[in-house]
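>>> sequence-free structure coming up:
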């Protein structure tokens, strides 16, 4: 079973790239972030033609997450249970082929200790409580998405440039580590060792051309699912296309 995550940075803009990519990569499940699409405009029919059913929650111009699957999607939850209609659309969970999949677009935040930064830290606390309250660490659970946090020195192109900055500050990394301690394994790092690869490059300052990136898109797995893992790779192919997303897919394969 192949599961992928991709921040597409606007689904409708990226559909001409997504369609050939899924035809080539053939993921059984594709988790999308930053769809930037209200629910009534979500391309359900176009995705069904590609072989995928979809569950989604979105907003115009920003946020939005979706799970696409070749298997039935059941037990769907959109956002946290205590969110309301006005809450940012940043999380969707479902069970697919026996795997509990939690797809997240974790808040970006702004400068340290601004309101948006503390919102990010609070959101991560709520995510940890979600797993404590509603998930079983003894079962197959997968957390994925755009985490907006680089966890380790290898996950940034320059440690001196990024130390103390947004996405690589100690408060963010500690909050994300608290989520990880629920029982998750960083699957890319687990299977690839100390390889340095990135999943996001700024559009500015030649970041892509100079490989000045961050690894902020992740697939994390519970112990039982980690034991079934075969591979986890970052597929840079879509980043070479004209007008790409600034993120590229991460793809994991499991013996299910």
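Thanks, I have the structure now. For clarity, every value in this text was computed on a predicted model and none was experimentally measured.
>>> hey, what's the residue nearest to the spatial centre of the chain bridged with?
With distances taken as C-alpha atoms, centre = their mean, residue 145 lies nearest the centre of the chain, 0.8 Å away. Per DSSP bridges, the residues bridged to residue 145 are residue 104, residue 218.
>>> Now for residue 19, which secondary structure element holds it?
helix 11-25 (DSSP states H and E).
>>> In that helix, which residues are buried?
Neighbour-count burial for helix 11-25, counted by 16 or more other C-beta atoms under 10 Å, picks out 11, 14, 17-18, 21-22, 25. Glycine gets a C-beta too; all of them are placed from N, C-alpha and C.
>>> hang on, isn't residue 150 packed against residue 215?
Yes. Using C-beta atoms under 8 Å, residue 150 is in contact with residue 215, at 6.0 Å.
>>> any common contacting residues for those two?
residue 156 (C-beta atoms under 8 Å, 6 or more residues apart in numbering).
>>> what kind of secondary structure is residue 109 in?
When classified by DSSP: H, G, I helix; E, B strand; the rest coil, residue 109 comes out as coil.
>>> can you pull the contacts of the closest residue to it other than its chain neighbours?
With sequence-adjacent residues excluded and distances taken as C-beta to C-beta, 6 or more residues apart in numbering, residue 109 is closest to residue 120, at 3.9 Å. For residue 120, the contact set (C-beta under 8 Å, 6+ apart) comprises 106-109, 148, 172, 175.
>>> Am I right that residue 56 is in a strand?
Yes. Secondary structure of residue 56 (three-state DSSP): part of a strand.
>>> quick one, what contacts it?
35, 37, 39, 42, 64-67, 92.
>>> so the residue nearest to residue 109 is in which element?
helix 115-134.
>>> Report the buried residues of stretch 225-234.
Buried residues in stretch 225-234 (16+ other C-beta under 10 Å): 225-226, 229, 232-234.
>>> With pLDDT as added columns, please give these in TSV.
Listed next are the buried residues of stretch 225-234 as TSV, based on pLDDT from 0 to 100:
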residue	pLDDT
225	98
226	98
229	98
232	98
233	98
234	98
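>>> Distance of the nearest residue to residue 223 once chain neighbours are set aside relative to residue 155?
In this structure, residue 223 finds its nearest non-sequential neighbour in residue 183, 6.3 Å apart by C-beta to C-beta, 6+ apart. As judged by C-beta to C-beta, to the nearest Å, residue 183 and residue 155 stand 21 Å apart.
>>> what's the answer for residue 83, then?
29 Å.
>>> still on that earlier bit, would you confirm that the residue nearest to the centre of the chain contacts residue 3?
No. Applying C-beta under 8 Å as the test, residue 145 and residue 3 come out as separate, 11.7 Å apart.
>>> Which residues are in contact with each of the two?
Here residue 145 and residue 3 share the contacting residues residue 31, scored by C-beta under 8 Å, 6+ apart.
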